[in-house]
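[1] Could you look at this predicted model? Sequence included:
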Amino acid sequence: MKSRRLSAPPVLAVAAACFLLLLTAAAQPNRLVAHRIARGVWFLPGDASKGYCNNIVIEMRDYLIVVDANYPGRARELVAQIHQLSPKPVLFVFDTHAHRDHAYGNIVWTQAGATTFAYQGVADEMDRYEPRRWLDTAAQRQDVRSLHLADAPRPQLLFRQSPFILRDSTREVRFYFFGWAHTRGDGFVWLPRERILCTGDAAVNGPRNKLWDANLANWPLVLEQAIALQPRFVLPGHGDAGGLEILTGQKTFLSDLYAAVQEQVRAGTPLARIHLTLPARDSNWIPRDLTGDTDAAYAEITRHQPAGALPHEWK
Ligand SMILES: [Zn+2]
């Protein structure tokens with residue numbers, strides 16, 4: 001008893017100190033982590049541990065454009081913190097594609113006064129796959145569940161003619177659709193004067209590709225059109241910002257993957273026995289486990305249809 005009584009005060013003191021530290025930390029205003037790419041253009045890295053994608057903020061004369069709605073949790077953070085970059089209101093939020101980590105925050109932005117928009121193919125993908133994916137995600141994630149919705153909120157405005165252009169006295173921003181790559185609705189954002197390209201998941205930096213909604217044969221052709229723009233800065237949906245090497249590396253990885261699987265298919269190797277060794281130049285994009293990528297490429301090649309056109313589960 002004696003020893004317990006003696007040890008209790010230091011433990012209490014440490015606990016109290018920790019509590020005070022926590023209170024102090026909570027009282028600090030949340031600082032928005034943003035890398036300035038050019039005047040009025042910021043790259044906001046997404047916290048991968050929470051599944052967040054990257055965001056880009058583009059300042060126009062009177063308003064802001066945000067690239068990707070992100071998950072609702074990140075959208076709420078950005079709505080609260082974006083004034084740290086600029087006092088102008090967010091007028092437009094562009095969904096690069098229909099995936100949950102890019103578009104499920106749509107309603108958070110519209111409730112904050114913004115208009116969400118996308119290429120027509122984004123809404124088509126949602127009509128194709130929702131509300132199934134929304135409901136599955138709501139079962140897993142509190143930030144999606146907390147919205148109490150039965151379906152994914154669609155982007156409010158859609159364009160069919162590429163490029164769609166927003167322009168004022170300070171800047172021109174072009175929204176391109178180059179074809180079916182990562183999804184049927186991949187949008188690119190291009191700032192011609194600053195030579196900045198935002199790619200969504202059509203180009204990621206690192207082993208972060210998801211191939212199940214893709215058209216693997218066409219994807220490199222889409223990236224060729226992006227490469228033809230000759231961007232100075234490439235801002236991907238996941239991974240660090242960089243330059244043209246993100247586009248060329250992503251294209252080479254996808255081409256090498258497709259060619260390697262095709263070679264095995266031609267040799268008559270059954271899927272279960274395919275073990276790929278991709279060239280060292282692809283190392284930045286090669287995941288620890290290539291099984292899922294191999295499965296998607298194999299399905300596309302052997303069934304003569306884009307992987308995304310075949311029945312599949314989102315993985
Ligand atoms: Zn995606």
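    Now that the structure is in, tell me what you want to look at.

[2] May I have stretch 169-185 exported as CSV, CA atoms only?
    C-alpha atoms of stretch 169-185 as CSV (Å, rounded to 0.1, in the frame of the first residue of the first chain):
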residue,chain,number,x,y,z
SER,A,169,-7.6,38.9,-66.6
THR,A,170,-5.0,37.0,-64.4
ARG,A,171,-5.0,33.5,-65.7
GLU,A,172,-6.3,30.8,-68.0
VAL,A,173,-7.2,27.3,-66.8
ARG,A,174,-8.0,24.5,-69.2
PHE,A,175,-9.8,21.3,-68.2
TYR,A,176,-9.0,18.4,-70.6
PHE,A,177,-10.4,15.0,-71.3
PHE,A,178,-7.9,13.0,-73.3
GLY,A,179,-9.6,9.6,-73.3
TRP,A,180,-10.1,6.5,-71.1
ALA,A,181,-7.1,5.9,-68.9
HIS,A,182,-7.4,5.3,-65.1
THR,A,183,-11.2,5.7,-65.5
ARG,A,184,-13.6,6.6,-68.3
GLY,A,185,-13.7,10.2,-67.0
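
[3] what's the spacing between it and its chain's center?
    Chain-centre distance of stretch 169-185: 14 Å, with Cα atoms, centre = their mean, to the nearest Å.

[4] so what's the nearest residue in space to residue 196 that is not next to it in sequence up against?
    Spatial nearest neighbour of residue 196, excluding adjacent residues (Cβ to Cβ, 6 or more residues apart in numbering): residue 233 at 4.5 Å. Backbone N, C-alpha and C define where each C-beta goes, glycine included. By Cβ atoms under 8 Å, 6 or more residues apart in numbering, the contact list for residue 233 reads 37, 38, 194, 195, 196, 197, 241, 242, 243.

[5] Equivalent analysis for residue 88, please.
    59, 60, 62, 63, 64.

[6] Can you say which of those are buried?
    59, 60, 63, 64 (16 or more other Cβ atoms under 10 Å).

[7] In three-state terms, how would residue 183 be classified?
    The three-state label given to residue 183 by DSSP: H, G, I helix; E, B strand; the rest coil is coil.

[8] If you could redo that for residue 221, that was the one I meant.
    Residue 221 falls in the helix class when you classify it by three-state DSSP.
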